[in-house]
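> mind folding the following:
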Amino acid sequence: FNVIDSEMLVSVKNDDVTSQKLKLVAEDNDPIWREESYEPYSDELDSYVTFSGMPDPLDDDSVRGKRYENWLQNYHRVPNSPKLLWSYDDADTAPDIWSSLEKDYLFCDPDLAKATSSPIDIQTGAALNECYGPSFNVKSAPTWDSTASTLTELFDRSFIVDVANCRVGEGCQPAPYLPQSYDHDKMILERILFHTPSEHKIDGQQFDMELQFMHCKGSGGALTPGCRPELAVAVLLKDGGASQKDPQFLADLAKTAKEVGPDPKELVKGLQFQALASEIAPLFDKFYMYWGSTTYPPCYQRVQWYIPSQVVQVSTGLIAAFKARQGENVRPTFALGTRPLKFLSAEAVSHWTYRGPRGVENWGSPRFPWLAYTSCGTSADCEQLPNQAARDVCLAEQRMQSPINIYTNECRPNVDYGGRPCVQQVGLRPVFWNLGRSSDEPLKVYLKDARIVNHATSKALIEIIAVSLLTHFGSPNNAYTLTLVAPGKALPVSLAPESGGCNSWESCKTAKGYAAATLTYQNSIYGLREIVVRTPSEHTIDGVSAAAEVQLVADLIDCVKCVCAGWGTAGYGGPRWCCCSPNNNDKSVLIQSLLLVRGKGPGPGWVSGLASVAAQADGAPAPLVPDLLFRDIVASMHPAMNKYFLYEGSLTTPPCTARVQWLVVKPMLEVDDNALAALAAVTVGGNSRPVQALNGRALAVAGTVQL
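Prediction:
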């Protein structure tokens, strides 16, 4: 450092001629740079800083450490050299050399950070087709809360709408924000940047303009001046001709473009962010998402970008107004590289997830319309219902929720378990599976809540899937649940439309045999609806979860409505309810559950077969395993079905309806590690509801299960 001090160049006056010469301050022998409170640039001192921007942890020189801290706080430029402001068009300060202008601009280096930088050229063919984005309060697409902020305008190499109005020493005003979601914290909007032309491209096409909504992380209602953007929303605009009608907020801002200067001013009186939000939010029905950086120095990394696929048309005059003020202010595009690019859809207001604001802990909250899922929540959620009768039903259902922890110690006479619960023995309760016509064709595999990639799938089939999901499970989930559908309908063969329907009262009474696979339990018949795979298991055994759980979901076949010849003229009112099974059960759904654990062997062939095609499944049911029949699953379960646990519970997904009979097979099925990993890979953070309290319900064990 003494060498550096003695050799430092300073400006001195000598006969009114400015020259450069070596000089120390004679009075106190202190170098000028120390009086000015910052160090000169030196390679030796700079070597004390690692690539991460932190001091070398292996260097314990405390004196140099203190000098480094002082230098870090005050270093802006090499003394006596002019500071160069970055720009878009000047050869000495253009984007390709931003990294050489300031030490803080290191990640603007197009070679160093090209694999993580923005903007990019969005190649639509490379986008991963997924159903929903991160879960916001109302939609997966950006929906801002607290939108009444007053907006000001300024110009700093770009036309800027200042939303948070941050000032050093004064702080920032409360600003609109995106609520916490599945994969990011609460994000507060700082400012909106205008670029002409667009920085992002789609399939090589550059558009005429781009708006960028820059957000910083914040827990409160306001930001800290100089915050680091972590989420950006970009909207692309193109020239729609001279007569194109413009969004009102853009038309108002364009009128003031010539007046905008470096100091923030409210040039459009009364303009609030809600005027922008109402125009922007509808664009996010379909949108792209990727991880990149800010497109201006210091080129902050790890910025999450949302870009709607819809491009907004604006007038020629509007684009000309902004371009006349700021010229071309774009950074060149970077290759996407190995980063994932996702194409996402907005979610409906009734849509739920397993994590985030719409996750398990909030299923019962009023964020869902009509308080539809209060049975999934807490007693406080029930209190929001409009009348006492509804509240009583809600509270009763909340005490019957699934899944549960199953304890295995069976109750025995004169045995004291020290206060621990035990499972009651109820003797023999046969379970009988009838395959029906399920062997006529293979099981079809699909992912619940996933986009249907095969666009040739009929609209009618899509509607059938949607209605079925909503009818039985409320809104579909956001966890991509691997599901199998068996062929056939849960109607008696003689009453099925292909068999001529019901043509007499006698045929109703004597109908036997069902097209779908059916399960007989306690003198009631249930028709197989679907088979779902959950990873990890929802039920736990003595507090331990399994790697996966296969649930066979069946609906109670109670009665079918049919028209019998002659009944209409005999005064019986035409259509009659023809009871076709001897049901004496009030459980509308029965779910038989099989737990899968890691084993040394390959496991059943149907599991490995399903695992091998799991990654190929999308939202349309398809026979991905051509030889997979329901009888294969039943046959593999047979050795394990000698004993099972039973209890009354609920659906484990919204709306969490009670009156569900659960049969959890006690022996677990051993499955290969690779197969389990493949099954788990299709979910998004797991698709299992946490264990619920037993609340005094009877837990029993039954034996001698028969096929």
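> tell me, how many neighbours does Thr657 end up with?
Neighbourhood size, Thr657 [other CB atoms under 10 Å]: 18. Where C-beta positions appear, they are placed from N, C-alpha and C, glycine not excepted.
> how about it, what does it touch?
The contact partners of Thr657, taken as CB atoms under 8 Å, 6 or more residues apart in numbering, are 375, 397, 588-589, 650-651.
> only whichever of those residues are buried, select them in PyMOL.
Those of the contacts of Thr657 that count as buried under 16 or more other CB atoms under 10 Å are selected in PyMOL with:
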select buried, resi 375+397+589+650+651
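> can I get stretch 386-404 in CSV, CA atoms only?
Taking Å, rounded to 0.1, in the frame of the first residue of the first chain, the C-alpha atoms of stretch 386-404 are listed here in CSV:
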residue,chain,number,x,y,z
PRO,A,386,-74.3,-18.2,6.3
ASN,A,387,-76.5,-20.3,8.7
GLN,A,388,-76.3,-22.6,11.7
ALA,A,389,-77.4,-25.7,9.8
ALA,A,390,-74.6,-25.3,7.3
ARG,A,391,-72.1,-24.6,10.1
ASP,A,392,-73.2,-27.7,12.0
VAL,A,393,-72.7,-29.9,8.9
CYS,A,394,-69.3,-28.4,8.3
LEU,A,395,-68.1,-29.0,11.9
ALA,A,396,-69.4,-32.6,11.8
GLU,A,397,-67.5,-33.3,8.5
GLN,A,398,-64.3,-31.7,9.9
ARG,A,399,-64.2,-34.4,12.6
MET,A,400,-64.3,-37.1,10.0
GLN,A,401,-61.4,-36.1,7.8
SER,A,402,-58.9,-38.3,6.0
PRO,A,403,-56.1,-39.5,5.9
ILE,A,404,-55.2,-40.6,9.4
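> ok, Phe155 - contacts?
For Phe155, the contact set (CB under 8 Å, 6+ apart) comprises 260-262, 325-326.
> name the nearest of these relative to Ser87.
Set against Ser87, the nearest of those by CB to CB is Gln326 (11.5 Å).
> please enumerate the helices of this protein.
Counting by DSSP state H, the chain has helices at residues 2-7, 32-35, 43-46, 62-74, 248-255, 273-280, 316-326, 379-382, 388-398, 459-473, 505-510, 605-613, 630-637, 673-681.
> kindly give a single PyMOL line that selects the buried subset of the contacts of Phe155.
A single PyMOL command selects the buried members of those (16+ other CB under 10 Å):
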select buried, resi 260+325+326
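> now the contacts of Phe155 in CSV, with distance to His638?
CSV is the format used below for these (distance: CB to CB, whole Å):
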residue, distance to His638
Val260, 77
Gly261, 81
Pro262, 79
Arg325, 77
Gln326, 74
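> in CSV, list the contacts of Phe155 along with pLDDT and distance to Ala390.
What follows is the contacts of Phe155, written out as CSV (pLDDT from 0 to 100; distance: CB to CB, whole Å):
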residue, pLDDT, distance to Ala390
Val260, 89, 56
Gly261, 88, 59
Pro262, 86, 59
Arg325, 91, 58
Gln326, 92, 58
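> which outside residues touch stretch 234-244?
198-200, 202, 207-213, 280, 283, 305-308, 311-317, 319.
> state the mean pLDDT of that stretch.
Averaging pLDDT along stretch 234-244 yields 95.
> what comes up buried for it?
Buried, per 16+ other CB under 10 Å, within stretch 234-244: 234-240, 244.
> quick one: end-to-end distance for that stretch.
Stretch 234-244 has an end-to-end distance of 21 Å (criterion: CA to CA, to the nearest Å).
> do the same with stretch 216-236
End-to-end distance of stretch 216-236 (CA to CA): 21 Å.
> so how far is that stretch off the chain centroid?
Centroid separation between stretch 216-236 and its chain, computed with CA atoms, centre = their mean, to the nearest Å, is 20 Å.
> in it, which residues are buried?
216-218, 223, 227, 229-236.
> let me have those residues in JSON lines, extended by distance to Pro174.
Formatted as JSON lines, the buried residues of stretch 216-236 follow (distance: CB to CB, whole Å):
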{"residue": "Cys216", "distance to Pro174": "13"}
{"residue": "Lys217", "distance to Pro174": "15"}
{"residue": "Gly218", "distance to Pro174": "10"}
{"residue": "Leu223", "distance to Pro174": "9"}
{"residue": "Cys227", "distance to Pro174": "14"}
{"residue": "Pro229", "distance to Pro174": "18"}
{"residue": "Glu230", "distance to Pro174": "19"}
{"residue": "Leu231", "distance to Pro174": "18"}
{"residue": "Ala232", "distance to Pro174": "20"}
{"residue": "Val233", "distance to Pro174": "19"}
{"residue": "Ala234", "distance to Pro174": "24"}
{"residue": "Val235", "distance to Pro174": "23"}
{"residue": "Leu236", "distance to Pro174": "29"}
